[in-house]
Structure formats: structure tokens, C-alpha cells
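following is a predicted model, sequence given first.
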Amino acid sequence: MRDYVRPIPISDPADLPGALPLAGGWARFTHAEVLRRGRPPEIVAVDALSPGLLDTLTAPRAAIGGIDFDRPRLMGILNLTPDSFSDGGQHAVGTEALDRARALVSEGADILDIGGESTRPGAQEVPEAEEIARVRPVIEALAADGPSVPLSLDTRKSGVARAGLAAGADWINDVSGLRFDPALARVAAESGAPLVLMHSIGTPGTMQAAAATAYEDVLLDVYDALEAAVAVAVAAGVPRRSIIVDPGIGFGKTDPQNRALLARIGLFHGLGLPILLGASRKGMIGRIAGVADASRRGPGSAGIGLWAVSQGVQILRVHDMEMHRQAISLWQACAAPAP
């Protein structure tokens with residue numbers, strides 16, 4: 001029976017004896033939770049873990065595409081779509097998109113994530129040519145005269161990825177985790193672009209219908225699926241050091257399943273890769289906080305973001321940039337050792 005090991009993060013200014021750095025970042029840990037299918041969790045001290053596993057859990061994550069992970073990083077969402085769940089149509093074309101990109105960076109974005117196809121629950125597939133037509137001119141404009149941050153292209157399609165990279169995109173963010181178009185891995189390998197692999201099931205049109213019965217243990221199943229996706233990417237020639245993983249909150253998961261992933265999101269440090277979390281304005285936040293209007297879910301999104309940062313998560317993908325930047329700045333100021 002396989003053991004899954006989740007470091008239990010500490011974000012306290014006290015210098016606790018024996019505490020080890022988590023992923024070379026701001027959190028530390030003295031104990032871990034060992035998870036096994038069908039059995040209760042077991043808490044163990046770090047000296048009970050194998051040297052190889054400790055190396056994986058403690059080693060600093062390598063910088064990716066000019067971004068290092070000595071502090072939490074923010075990825076700003078730029079949806080060039082008419083039908084995204086939260087901001088569809090608001091920044092979809094021309095100067096509106098460019099102005100929004102520049103505003104996100106001025107408010108603290110370290111990376112911009114540009115998407116031309118909505119992947120909200122129930123969304124239908126956008127033809128490749130239409131998706132390219134949405135993203136290419138904005139990427140070209142930002143690459144030529146935009147803020148000097150990496151441009152991530154949010155797409156499931158290898159053809160869109162090729163066009164976007166040729167236009168000046170730097171990263172690829174695949175919400176299907178290479179399930180939709182396996183050729184996307186070759187595009188990343190040939191271009192050298194960093195690759196975000198997100199977990200999801202089905203397609204945006206079908207994923208929520210399958211969520212209730214899709215998992216034996218959502219946390220461990222998502223871990224296994226991301227581990228397998230990483231192996232596929234590496235086999236295609238993508239350097240492991242260029243991969244980021246995302247558990248895919250809201251993509252084929254019920255609210256209890258989303259909460260289970262968030263509660264123990266630190267498990268994914270066991271993959272030895274940076275973790276990205278995209279929970280911003282998701283429906284779960286509205287249902288828990290009682291906020292029907294997605295555009296008003298910034299405070300709830302920031303609350304989840306602070307929890308994730310306390311668990312050592314390196315990248316938050318967000319809409320409300322200034323709110324998240326302020327929240328993280330104050331969290332860090334309080335958690336830092338006293339001068």
C-alpha cells in the first residue's frame with residue numbers, strides 16, 4: 001500500500017527546534033501526515049521520513065521562466081472571452097485588454113495568464129482559429145510594448161499554443177493536464193516553454209456532472225493524476241524543472257471535494273514542483289460566503305489565497321490583484337520573525 005506524505009506547515013515567527021524549510025520557501029515543518037487509502041492518517045516527526053523524501057520536500061523549487069519562488073507569486077487573469085464566468089466580455093478586445101493587463105501588473109502581478117476560451121462549467125469548445133484570433137493580437141501587443149512579466153497562454157490546444165508562443169507568449173497553462181491534446185507536451189518541449197499542468201476530468205461541458213462519482217479519494221486521486229501527467233510531459237521532452245502543478249479547484253469537483261483538496265493542498269509538495277492554485281471567484285466561494293455575484297468574491301478568494309500561502313503554495317492565479325497583494329504583504333509582515 002502506497003504512503004502519501006503531507007508536510008504539516010508552520011508559519012509562525014518562533015524558531016522551532018528541528019523545523020525544516022518547506023520547498024525552500026517561507027513555511028517550515030517539523031511533522032508530516034502520512035495518508036494511505038482506506039486508513040486513518042498518521043502523524044510522524046520529520047526524522048521518520050526517508051532522506052530522499054526529505055530532499056524532495058525541502059529543496060528550493062527552481063526558478064521557472066525568470067520567476068523564482070522565494071516569495072509567493074501572483075498570476076493575473078486576463079480573459080479575452082465573451083463568456084467567462086466572472087468577467088466575460090469585460091476585457092476581451094483591443095485597448096481594454098491591454099489596459100487591463102497593464103493594470104494587473106501595476107497592482108502586483110508577477111505573471112499574466114491570457115486565455116481565449118472559457119473553461120467554466122458548461123462551456124462549449126471554441127474553434128482553434130477563433131481562439132487564436134482572440135489571443136494572438138493581444139499577446140503580440142504585450143510582447144512588443146507591454147509590462148516585462150512572463151505571458152502565460154491558457155489553452156488546451158497545441159495549435160493555439162504554437163501560435164501564441166510565436167506571438168510572444170512565454171508559458172503554457174493547460175487546464176486539461178495534457179488529456180485534451182497530448183501534442184501540447186511536444187510544443188512545450190520543442191519551445192522550452194514552462195508548462196502548467198492542471199487536474200480536471202471530462203470537458204468543461206461535462207466535468208461537473210461526473211464530479212460526484214469520479215473519485216475514490218479526491219486528494220490522492222488528484223495527486224496520482226498529476227504525477228502521471230508530469231510523467232507524460234517529461235517523456236515528451238519537457239524538463240521536469242519547467243513544470244508547475246495545479247490541483248484544479250472547481251474543475252470536475254464538488255464543493256466537499258474542493259475543500260478536501262484545499263485543506264491538504266500541501267500534499268502536492270511531494271511532487272517536488274511549484275504549486276499553482278486557481279480558486280479566484282469560484283462558485284464554491286460564493287456558496288460558502290453567500291455571495292452570488294462572482295465579481296464580489298474577492299475577499300473570499302483572498303482568504304483562500306492566504307490559507308494556500310500558509311501551506312507553502314507558490315503561485316496564486318487571481319482576478320483581484322491589489323486585494324491579494326495587500327493581503328499577502330500583511331500576512332508576510334505578521335509571520336516574519338521580529339526584527
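Yes, it's here.

mind listing what the residue nearest to Gly192 when sequence neighbours are not counted touches?
Using Cβ to Cβ, 6 or more residues apart in numbering and skipping the chain neighbours, the partner closest in space to Gly192 is Ser242 (7.4 Å). Yep, even glycine has a C-beta here, placed from its N, CA and C like the rest. The neighbourhood of Ser242, defined by Cβ atoms under 8 Å, 6 or more residues apart in numbering, consists of Ile64, Gly65, Ala188, Gly192, Ala193, Pro194, Leu195.

among those residues, name the ones in helices.
With helices defined by DSSP state H, the entries of the contacts of Ser242 inside them are Ala188.

of the contacts of Ser242, grab the buried ones for PyMOL.
Typed into PyMOL, the next command selects the buried ones out of these (criterion: 16 or more other Cβ atoms under 10 Å):
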select buried, resi 64+65+188+193+194+195
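
with pLDDT and distance to Leu165 as new columns, can the contacts of Ser242 be given to me in a markdown table?
As requested, those are arranged in a markdown table below (pLDDT from 0 to 100; distance: Cβ to Cβ, whole Å):
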| residue | pLDDT | distance to Leu165 |
| --- | --- | --- |
| Ile64 | 97 | 16 |
| Gly65 | 90 | 12 |
| Ala188 | 98 | 9 |
| Gly192 | 97 | 9 |
| Ala193 | 98 | 6 |
| Pro194 | 98 | 11 |
| Leu195 | 98 | 11 |
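
nearest to Leu273 among the contacts of Ser242?
When those are ranked by distance to Leu273 (Cβ to Cβ), Ile64 comes first, at 9.2 Å.

how close does the closest one sit to Gly248?
Applying Cβ to Cβ, to the nearest Å, the value for Ile64 to Gly248 is 19 Å.

now do Ala23
20 Å.

would you map the strands across this structure?
4-10, 20-21, 28-36, 39-45, 73-79, 111-115, 151-154, 171-174, 195-198, 243-246, 276-277, 315-318 (DSSP state E).

partners of the first one, with directions?
Listed by DSSP bridges, the sheet partners of strand 4-10 and their directions read strand 28-36 (antiparallel).

so how far is the strand it pairs with off the chain centroid?
On the basis of Cα atoms, centre = their mean, to the nearest Å, strand 28-36 sits 22 Å off its chain's mean C-alpha point.

related to what we said a few turns ago, could I get the contacts of Ser242 as TSV with distance to Val46?
Converted to TSV, the contacts of Ser242 look like this (distance: Cβ to Cβ, whole Å):
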residue	distance to Val46
Ile64	27
Gly65	31
Ala188	34
Gly192	36
Ala193	35
Pro194	30
Leu195	31
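
closest to Ala167 among the contacts of Ser242?
Ala193 (12.5 Å).

what separation do you get for the residue lying closest to that closest one once chain neighbours are set aside and Asp145?
Here the nearest residue to Ala193 in space, its sequence neighbours aside, is Ile172; by Cβ to Cβ, 6+ apart that works out to 5.2 Å. Distance, Ile172 to Asp145, using Cβ to Cβ: 23 Å.
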